[in-house]
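Visitor: Please work out how this folds:
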Amino acid sequence: MKTPVYIFLFLLIMQLCPVRLLSQTQAQATVYNGFVNIKQNKAEVENGQLKLDMDLLLSGLSVGRYQTLVLTPVLRNGNHSFRFAPVRINGANKQKMYERTIAFEGKRVADGEAYVVLKSNPSLLQEVNYKKVISFQPWMEDAELILIGELNNYDDIPVQTYTNVLTDHFYIQMTE
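Guide: Model (predicted):
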């Protein structure tokens with residue numbers, strides 16, 4: 001009974017306290033309400049490819065036994081947007097379902113589109129080194145980086161969705 005209350009409070013705080021992602025020249029981490037800490041290590045364009053490297057630190061993040069929290073970084077500029085592969089954090093029973101799917105159908109099917117799948121463990125500090133290379137588009141220069149948090153129930157149907165703007169001007173180093 002306590003877990004849904006903690007998740008609700010976390011997501012409420014996440015909604016009320018937007019944070020800004022600092023540019024890579026400052027090389028500091030931005031605390032995301034004490035639960036998710038995001039640090040942009042590098043974002044550069046080389047040979048028409050955008051190379052993104054950032055660290056996501058998850059601490060004290062508790063997800064209900066039958067729930068999944070999906071954290072998706074998104075670049076957005078007006079009508080244009082690009083959704084990166086999400087980080088999935090499973091509750092205890094959802095993690096067992098995930099492991100069963102790996103055993104019967106393979107890791108590719110179990111992961112789906114996820115960058116990484118983690119088991120919820122509020123007592124651990126979990127770190128995800130998020131690296132992605134995508135084709136660069138001109139609209140990405142003035143884009144904002146947002147983080148969409150989606151809490152899904154047992155059937156993977158979204159129960160709550162929260163959007164948090166990490167930076168309103170995504171700093172991209174041009175090396176061409």
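Visitor: State the distance from Val128 to Leu58.
Guide: 7 Å (C-beta to C-beta, to the nearest Å). Yep, even glycine has a C-beta here, placed from its N, CA and C like the rest.
Visitor: Report the set of residues contacting both of these two.
Guide: Common contact partners of Val128 and Leu58 (C-beta atoms under 8 Å, 6 or more residues apart in numbering): Leu118.
Visitor: Looking only at neighbour counts, state which of those two leads.
Guide: Leu58 (22 against 18; other C-beta atoms under 10 Å).
Visitor: how close does that one get to Gly112?
Guide: Leu58 is 19 Å from Gly112, by C-beta to C-beta.
Visitor: and what of Leu145?
Guide: Relative to Gly112, Leu145 is positioned 23 Å away (C-beta to C-beta).
Visitor: Look at those two and report which has more neighbours.
Guide: Leu145 (23 against 13).
Visitor: so where does that one fall, helix or strand?
Guide: strand 144-152 (DSSP states H and E).
Visitor: pLDDT averaged over that strand - what is it?
Guide: The average pLDDT within strand 144-152 is 88.
Visitor: for stretch 102-114, same thing?
Guide: Taken as a whole, stretch 102-114 has a mean pLDDT of 90.
Visitor: ok, Ala114 - contacts?
Guide: Val70, Ala85, Pro86, Val87, Arg88.
Visitor: is the spatially most central residue of the chain in a bridge, and if so with what?
Guide: Residue closest to the average C-alpha location in the chain (C-alpha atoms, centre = their mean): Leu71, at 3.3 Å. For Leu71, the beta-bridge partners under DSSP bridges are Val87, Gly149.
Visitor: Can you get me a residue count around the closest residue to Phe136 other than its chain neighbours?
Guide: Using C-beta to C-beta, 6 or more residues apart in numbering and skipping residues adjacent in sequence, the residue nearest Phe136 is Leu50, 4.3 Å away. Residues near Leu50, counting by other C-beta under 10 Å, number 20.
Visitor: Next: Ala103.
Guide: 10.
Visitor: Which element, helix or strand, includes it?
Guide: Judged by DSSP H and E, Ala103 forms part of helix 92-105.
Visitor: Leu166 and Leu145 touch, don't they?
Guide: Yes: Leu166 is in contact with Leu145 according to C-beta atoms under 8 Å; the separation is 4.7 Å.
Visitor: hang on, the earlier thing: give me the buried subset of the contacts of Ala114.
Guide: Using 16 or more other C-beta atoms under 10 Å as the burial test, the contacts of Ala114 include Val70, Pro86, Val87, Arg88 as buried.
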